[in-house]
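1. Here is a sequence with its predicted model. Questions after.
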Amino acid sequence: MTRSITRIACVGGGPGGLYAAILLKQADPRREVVVHERNRADDTFGFGVVFSDATLGNIAAADPATYRAIAADFAHWDDIDVHYKGTCLRSTGHGFAGLSRRRLLAILHARCAELGVAVHFESAIDDPEALDADLVIAADGLNSGVRGRFAEHFGPTIELGRTRFTWLGTTRRFPAFTFDFVRDGHGLWRLHAYNFEDGLSTFIVEATEATWRAAGLDAAREAETATFCEGLFAERLEGHPLLTNYSIWRRFPTVKNRRWRHGRYVLLGDAAHTAHFSIGSGTKLAMEDAIALRDALDAAEKQGLDRDGALARYEAERRPDVASTQRAAAVSLKWFEDTERYMDLHPRQFAFSLLTRSLRITHANLGARDPAFTEATDRWFAAQAGVETAPDAEPPPPMFTPLRLRGLTLRNRIVVSPMCQYCATDGLIDDWHLVHLGSRAVGGAGLVMTEMTDVTPEGRITHGCAGLYTDAHQAAWTRVVDYVHRHSGAKIGIQLAHAGRKGSASRPWEGDTALTGDDAWQTLGPSAVPFGPGWPAPKAMDAGDMDRVKQAFVDAARRAEAAGFDLVELHVAHGYLLHSFLSPIANRRTDAYGGPLENRMRYPLAVIEAVRAVWPDHKPLAVRLSATDWTEAGITGDDAVAFSRAAAKRGVDLMDCSTGGIAPDIRPEYGRLYQTPYAERIRLEAAIPTMAVGGISSYADVNSVLAAGRADLCALARAHLFDPYWTRHAAYEQRHDAPWPVQYEMGDEHHFTPRFEWTPRGQGLPPAGRAPQKPSLPPKG
């Protein structure tokens, strides 16, 4: 029973450990709660800590007395200032509070004394097993001794970031949370600054390893660091000095643990996890851990669980929230590691990218927090697309701006992603494909892509895959193209492919395995390397095979033009033939088509050149690329950028950025927008328009991706399977005029009473079957 936890020892007297002691003593005053802190009472490192409004709300609910003391002293602000290339853009509505770390510790010390928690200073715990306690809370920070003592049980990992940063202070009072980006002769420097009490602000300076070393700061003392940064950010400091407090240069350590508990020991705060300072503070996470631990012990006691059950509950309930924060922090950390990549963006787009970097704030969230900032961003974005809006008119959401590629203009930025249907007969599509693609074209997307369409019979994945290698195939596709052009404003593209070593497979609902016997056929590949266990080795292509397949792509492109397609996309992804040439996992050749990247690119680029030569100049050519194989042994981000540059030189107009698929045992790191970073990098570094795909399901995310310059188009697959009219419904929810076909006008919102009340643009409609709820903002910070 958790009632037997009467003696609690907390190792570490930082805010997290102190707050845990306070809450556990408050929950049961009979408990003996002791805190052991290795430092003196007035020792502190760093300057200020940051809390979001949501975190302050949690603290207020958990312990009103502590909250009142914090609220009496914190500095609160709603604004974020972004200084960039001589401009300052301000966004409001974000809701943060700053407080001196020293003052926070004093508040918690006083609260401990009030409740009867014993706090022992200069009390280092070298042997946690010697502690006389039923529960030992390891709140002893990044370099936790308790975690180290039981490392084999906790399973810690520490990954260091690529930039260097130092934590300083200043007497300058900043009016908002301030970001600044200054370039000198050594490189680019980032500044994160915020006020935490009257006359004091935190001042964090960050730079790449190369910039930091070029400036000679790898050998600098604290005073020299302060002097250098004072000169660098003189404009922001306005004559105020910088202060030091253990202000060394370091790399940010991301801490994770396989388990947070072992016997009577439980990890809390930085001992358990860390999250990059750019999305909040470790103090916030540690204090929220303390609340979760208290809640888990209380709930376990009511349910009659023992200590192990209580700690298991704490970890099970708290870990998902921490994991979500760490994912957001990892994306934010990477944004600051790669800031140089964004330095050619327009100031407004740069600021929008910065504000939405962690994916926790979307275009819709920002629109609710700061409508003026978001409207100005939308107006700027529309103007770049050639859409001018009157000053008193609302600009269109980014997803409803046009995009021009060569002579093709798409009416909006939404793409129906290629989705294999596996129901063709000998490559010949039928009415299913007409309805499938036709309904989604009528559904409002700007571009509808066919499924992977193979250029030879042996280039199919399954017997049910579509083809474009006979006159009958061409006629069937012409029927689909004519329908789309006649009955919708959408454009239609065809994805041409050869399955390579992944061919000769059963349909997904038949097992998705290699065919055998008379149903199977000989597959092709760059090398005789099977796709995976149980798959046959493909024939290693010789020069004749390569010429025949290249000609098949050319012939299919000619047929696509004859059928009236608006765009051709070549499939260099997902482990199919052209991707397998590009990837060293499948390509083991020792001739001119294998080995270094330059050689592995040779055949895919030859196919691209050949197709571009016969595809009309006024029509765009796209490439779907697996921008990573999700393993260091495969295609890397650098490879993807190099290939995209080479493809652009050969007339490719759009990179459709996917990932993975080269081998069945290599799994992508799935998640929301998980492939978008590759589209962003290729767009910015290879200077070619990109299409983002994967983990995109909401128009809030689509608008965020586009407005931030992460991609030029967004492709959605599953969302369109669920709702062929996804784009029209998104227009309706955002109050954007997207006229329906005349046959459907009786269903237009102008002709019936909506089932839902209007919500602020971007908040969306509730799921079907649920009553409308008052829209609310996500937690800030």
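-> Here it is on my side, so go on.

2. Need the CA coordinates for the host helix or strand of R68. CSV is fine.
-> If you go by DSSP states H and E, R68 is part of helix 64-71. Provided in CSV are the C-alpha atoms of helix 64-71 (Å, rounded to 0.1, in the frame of the first residue of the first chain):
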residue,chain,number,x,y,z
PRO,A,64,-2.2,27.9,-4.4
ALA,A,65,0.1,29.2,-1.7
THR,A,66,3.2,28.6,-3.8
TYR,A,67,1.5,30.0,-6.9
ARG,A,68,0.5,33.2,-5.0
ALA,A,69,4.1,33.8,-3.9
ILE,A,70,5.4,33.2,-7.5
ALA,A,71,2.7,35.4,-9.0
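
3. Tell me which other helices or strands it touches.
-> Under the contact criterion of 3 or more CB pairs under 8 Å, 6 or more residues apart in numbering; DSSP states H and E, helix 64-71 touches helix 53-62, helix 101-115. The C-beta positions use only the backbone N, C-alpha and C, and glycine is treated the same way.

4. Which one of the ones you listed lies nearest to D542?
-> Among the helices and strands packed on helix 64-71, helix 53-62 comes nearest to D542, with 63.0 Å by CB to CB.

5. need the contact list for the residue lying closest to A613 once chain neighbours are set aside.
-> Using CB to CB, 6 or more residues apart in numbering and skipping residues adjacent in sequence, the residue nearest A613 is V554, 7.8 Å away. The contact partners of V554, by CB atoms under 8 Å, 6 or more residues apart in numbering, come to 610-611, 613-614.

6. May I ask which of the residues you listed has the most neighbours?
-> When those are compared by neighbour count (other CB atoms under 10 Å), V611 ends up highest, at 24 neighbours.

7. so which helix or strand takes in it?
-> If you go by DSSP H and E, V611 is part of helix 602-614.

8. Also W432?
-> With DSSP H and E as the criterion, W432 is inside helix 431-442.

9. A514 and P536 touch, don't they?
-> Yes - using CB atoms under 8 Å, A514 is in contact with P536, at 6.1 Å.

10. Helix, strand, or coil at the residue nearest to A613?
-> Taken by DSSP: H, G, I helix; E, B strand; the rest coil, the conformation at V554 corresponds to helix.

11. Find residues that contact each of A514 and P536.
-> Common neighbours of A514 and P536 (CB under 8 Å, 6+ apart) are 504, 520.

12. So which of these two has more stuff around it?
-> Using other CB under 10 Å as the criterion, A514 and P536 rank with A514 on top: 20 against 17.

13. if I look at the spatially closest residue to that one that is not a sequence neighbour, how far off is E394?
-> Spatial nearest neighbour of A514, chain neighbours left out: W535 (4.6 Å); criterion: CB to CB, 6+ apart. From W535 across to E394, the span is 54 Å (CB to CB, to the nearest Å).

14. Looking at those two, which is more packed in?
-> A count of neighbours by other CB under 10 Å puts W535 above the other of W535 and E394, at 17 against 14.

15. SS state for the more buried one?
-> Following three-state DSSP, W535 is assigned to coil.

16. shaky segments in this protein?
-> 1-3, 747-781 (pLDDT under 70).

17. State which helix of it is the longest.
-> Longest helix in the chain, counting residues (DSSP state H): helix 307-337.

18. Just want the angle from the following helix or strand past that helix to helix 307-337.
-> Where DSSP H and E defines the elements, the next helix or strand beyond helix 307-337 is helix 347-355. Relative orientation of helix 347-355 and helix 307-337, computed by axes from the mean of the first three to the mean of the last three CA atoms, to 10 degrees: 160 degrees.

19. and helix 347-355, how far out from the chain's middle?
-> 16 Å (CA atoms, centre = their mean, to the nearest Å).

20. again, but for stretch 313-331
-> Offset of stretch 313-331 from its chain centre (CA atoms, centre = their mean): 15 Å.

21. What residues of that stretch count as buried?
-> Neighbour-count burial for stretch 313-331 flags 313-315, 318-319, 322, 325-331 (criterion: 16 or more other CB atoms under 10 Å).

22. Give me the distance from the longest helix of the chain to the chain's centre.
-> Chain-centre distance of helix 307-337: 16 Å, with CA atoms, centre = their mean.

23. Likewise for stretch 583-603?
-> Counting by CA atoms, centre = their mean, stretch 583-603 is centred 31 Å from the centre of its parent chain.

24. Ok, stretch 487-498 next?
-> On CA atoms, centre = their mean, the centre of stretch 487-498 falls 28 Å from that of its chain.

25. For the remainder of this discussion, apply numbering that starts at 16.
-> Okay, using 16 as the starting number, the last item reads as stretch 502-513.

26. CA-only coordinates of that stretch in CSV, if you can.
-> Output of stretch 502-513 as CSV, limited to C-alpha atoms (Å, rounded to 0.1, in the frame of the first residue of the first chain):
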residue,chain,number,x,y,z
HIS,A,502,-15.8,18.5,-64.6
SER,A,503,-13.3,20.2,-62.2
GLY,A,504,-10.8,23.0,-61.9
ALA,A,505,-8.1,20.5,-60.9
LYS,A,506,-5.0,19.5,-62.8
ILE,A,507,-4.0,15.9,-63.1
GLY,A,508,-0.5,14.4,-63.0
ILE,A,509,0.7,10.9,-63.6
GLN,A,510,3.4,9.1,-61.5
LEU,A,511,5.6,6.9,-63.7
ALA,A,512,7.6,4.1,-62.1
HIS,A,513,9.3,0.8,-62.3
